[in-house]
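Participant: Give me a model of this one.
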Amino acid sequence: MNQPPDSSRATDPQERPRPRPRPRIRGARPAPRPAPSRRDSNRETIESVVIAFVLAFLFRTFEAEAFVIPTGSMAPTLMGRHKDIACDACGEPFTVGATDDAVASAICPNCRFRNDVSDEPAFKGDRILVLKSLYDLPAWAPDQLREPHRWDVVVFKFPEDPPINYIKRLVGLPGEEIRIQYGNVFARSGDSPEFKILKKSPEKQRVMRMTVFNNNHQPAAWRENGWPPRWQPETPDGWRASADGKSFDTSEDAAASDAWAGLTYHHLVRVWGREDAAEPPAREQLITDFYGYNSGAPDDGFRPFDGEQQPRWVGDLSLSLTAEVREASGALRIELVRAGETFRCDFDLASGECRLYRGDQLLGRAQDAIHGTGRHAIAFSNIDDRLTVRVGNRLPFGDGVDYDGPKLGESQLPTAADLRPVTVASRGSRVRVSDLVLYRDIYYTHGANDAEYSVMGADTERMLSDPHAWGAIAQARISQFPALGPDDFMMFGDNSPRSRDGRLWERGAEQWLGDLARERNLPLDTVREQVARKPGGDIVDASRHVVRRQLLIGKAFFVYWPHGVPFGPHIDVPLGPLGTFRVPFYPNVARMKKIR
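Facilitator: Purely as a prediction, here's the structure:
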């Protein structure tokens, strides 16, 4: 029997040879360590103090606090208490607010079908993290860190009742005068005589836009009944639709032609449940600021519009699509219409160049926007008098190309072309387009008693289809606000029709202090001094419409816990007025996001 080599036995710790002890020398002592010099001691002390200061400073700077969003004033960016719905007619996912009433029905923003949602659970609002001390950095810190920026989502103390925290989007900056017209925000500051439209970056546009129509989610009943689709070829031989109508290919004749073959979007809206042989199944209408989030009703009765669904025409649009280029030749075009004016984005598929036009006026060009054949995710937007293009994750024109749109006070009249506001066209190319999604920009309303279109009356859907009735919206009202002071900010909610924000605040902190003084039976000056000594104090000068710098708490940073997603056999745990809590569930990772 073979024996392992002797060296292998040394690997056994039980059989390793013990090291021989080192001889000890009597009287020998370790050499003493040299005493640290006073200079080294001072250095260590200073280093310790500096490190402690840096750590404390960083903790203060990035201190975060968790908040829960109670209402839908910031929807769709942040959700208050709501229900998650998948439309029964088209499958489009959307949310409906469930703050006030037991919501039993909701209208899909994609196809306008009224869904029965009475059995759907209501979820609590998003839980977010807020960087609390970001705006309290020392004066020597860079401005991009310590200064609030326009379009930031900010948490602050409510000027009418400072113990309450509010969350809104920062729109107006110190020293500015703010105006609202046609859903856009205008501002001027200093000695500038002219109000200019406030423009959003491409990233802000993406998070604030709202779906008008997702072609991947078409109502089955629409196709089964043979009703006209929303995307229609301009000529029968230009584009061929797939069997499900979700993608379109250029025909052989169009690929060989030098003429443009167009595929046009018709904004067809159907009022479900109103069956009348004398009426068409759907009408072409203007695109409006319809909010699916606000469409909840406590019953399932028919109610196409209510006081908070007043239709306001929205002309700022964005289209996203996937273009599969099969030959690097010819051209691809996207057209957006606003108030009868055409804005174009042309791609030369041979060279990859992209050009932007306003009518026939060339506004800009970018080289190498599309790289040959293959699939390209493209988005083209006309928002805030700015044209932006996105190809994949690239922005060929950076933040976009600005143009001079209508001035504040000038009228904008939609035309019949605004009923068909989007066209995708090809010329001399073999292209397939799919994933067509049309969006609209946020539309800022004027606040309470917004009677801008009340003249339209009850037959709203008919008037939205009739160009002769649009004179009522040719001259939209202008909301005016006092100039902001050197430390004043103005806040708006993304869900403008249902946001109590700077457009609506009627009383300032002085009135609140008076109420507090009467409640405590103390002199007003005493209460003012008490409040000023509290963290976030010095609120006495807060006035109507504004948030003073001292009221700012921090910048909303991250949605760390949206509601969980129930799955499998579940149990509904009743929570009284808060609805139900459904278990089991898994974390809703897809909605965990950085707040922009």
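Participant: low pLDDT regions in the stretch 401-550 of the chain?
Facilitator: Across the stretch 401-550 of the chain, the ranges flagged by pLDDT under 70 are 447-459, 475, 506-513, 515-516, 531-544.
Participant: And the helices in this protein?
Facilitator: Ranges of helices within the chain are 6-9, 38-61, 143-146, 202-208, 220-224, 252-255, 460-463, 509-520, 524-533, based on DSSP state H.
Participant: what bridges to the nearest residue to Phe347 once chain neighbours are set aside?
Facilitator: Spatially, and ignoring its direct neighbours in sequence, Phe347 is nearest to Leu332 (4.5 Å; CB to CB, 6 or more residues apart in numbering). No exception for glycine: its C-beta is placed from N, CA and C like everyone else's. Beta bridges link Leu332 to Phe347, Ser426 when assigned by DSSP bridges.
Participant: Just list the residues touching Leu332, thanks.
Facilitator: Counting by CB atoms under 8 Å, 6 or more residues apart in numbering, Leu332 touches Ala323, Val325, Asp346, Phe347, Leu349, Val424, Ala425, Ser426, Ser429, Val431.
Participant: residue contacts, Asp525?
Facilitator: Counting by CB under 8 Å, 6+ apart, Asp525 makes contact with nothing.
Participant: meant to ask about Asn495, not that
Facilitator: Gly72, Ser73, Met74, Ala75, Pro76, Tyr291, Tyr293, Asn294.
Participant: so which of the residues you listed is the most crowded?
Facilitator: For the contacts of Asn495, the largest neighbour count, defined by other CB atoms under 10 Å, is 28 neighbours, found at Gly72.
Participant: Val565 is in contact with Arg591, isn't it?
Facilitator: No - the criterion here is CB atoms under 8 Å, and Val565 misses it with Arg591 at 9.2 Å.
Participant: Quick one, grab the pLDDT at the closest residue to Ala369 other than its chain neighbours.
Facilitator: In space, and not counting its chain neighbours, Ala369 is closest to Cys354: 3.6 Å by CB to CB, 6+ apart. pLDDT for Cys354: 98.
Participant: Cys354 contacts Leu362, doesn't it?
Facilitator: No - here Cys354 lies out of contact with Leu362, judged by CB under 8 Å, at a distance of 11.6 Å.
Participant: neighbour count winner among these two?
Facilitator: Remark: of Cys354 and Leu362, Cys354 carries more neighbours, 23 against 12, as counted by other CB under 10 Å.
Participant: Quote the end-to-end distance of stretch 529-549.
Facilitator: One end of stretch 529-549 to the other measures 18 Å (CA to CA, to the nearest Å).
Participant: typo on my end, stretch 197-215
Facilitator: End-to-end span of stretch 197-215 (CA to CA): 31 Å.
Participant: Might you calculate how far that stretch sits from the centre of the chain?
Facilitator: 7 Å (CA atoms, centre = their mean, to the nearest Å).
Participant: For it, which residues meet the burial criterion?
Facilitator: Buried residues in stretch 197-215, defined by neighbour count with 16 or more other CB atoms under 10 Å: 197-202, 204-215.
Participant: Check stretch 81-95 too.
Facilitator: Neighbour-count burial for stretch 81-95 [16+ other CB under 10 Å]: Arg81, His82, Lys83, Asp84, Ile85, Cys87, Ala89, Cys90, Gly91, Glu92, Phe94, Thr95.
Participant: Ok, stretch 383-401 next?
Facilitator: For stretch 383-401, the neighbour count (16+ other CB under 10 Å) marks 383-391, 395-397, 400-401 as buried.
Participant: end-to-end on it?
Facilitator: For stretch 383-401, the first-to-last residue distance is 11 Å (CA to CA).
Participant: What of stretch 117-124?
Facilitator: Stretch 117-124 end-to-end distance (CA to CA) = 16 Å.
Participant: Stretch 396-403 now?
Facilitator: End-to-end distance of stretch 396-403: 17 Å, with CA to CA as the criterion.
Participant: Please apply the same query to stretch 186-193.
Facilitator: Stretch 186-193 has an end-to-end distance of 12 Å (criterion: CA to CA).
Participant: so where's the stretch 101-250 of the chain uncertain?
Facilitator: In the stretch 101-250 of the chain, residues with pLDDT under 70: 101, 136-146.
Participant: For Met490, which non-adjacent residue is closest in space?
Facilitator: Nearest non-adjacent residue to Met490, counting by CB to CB, 6+ apart: Gly172, 2.9 Å away.
Participant: That neighbour and Pro482 touch, don't they?
Facilitator: No - if you go by CB under 8 Å, Gly172 and Pro482 don't touch, sitting 10.6 Å apart.
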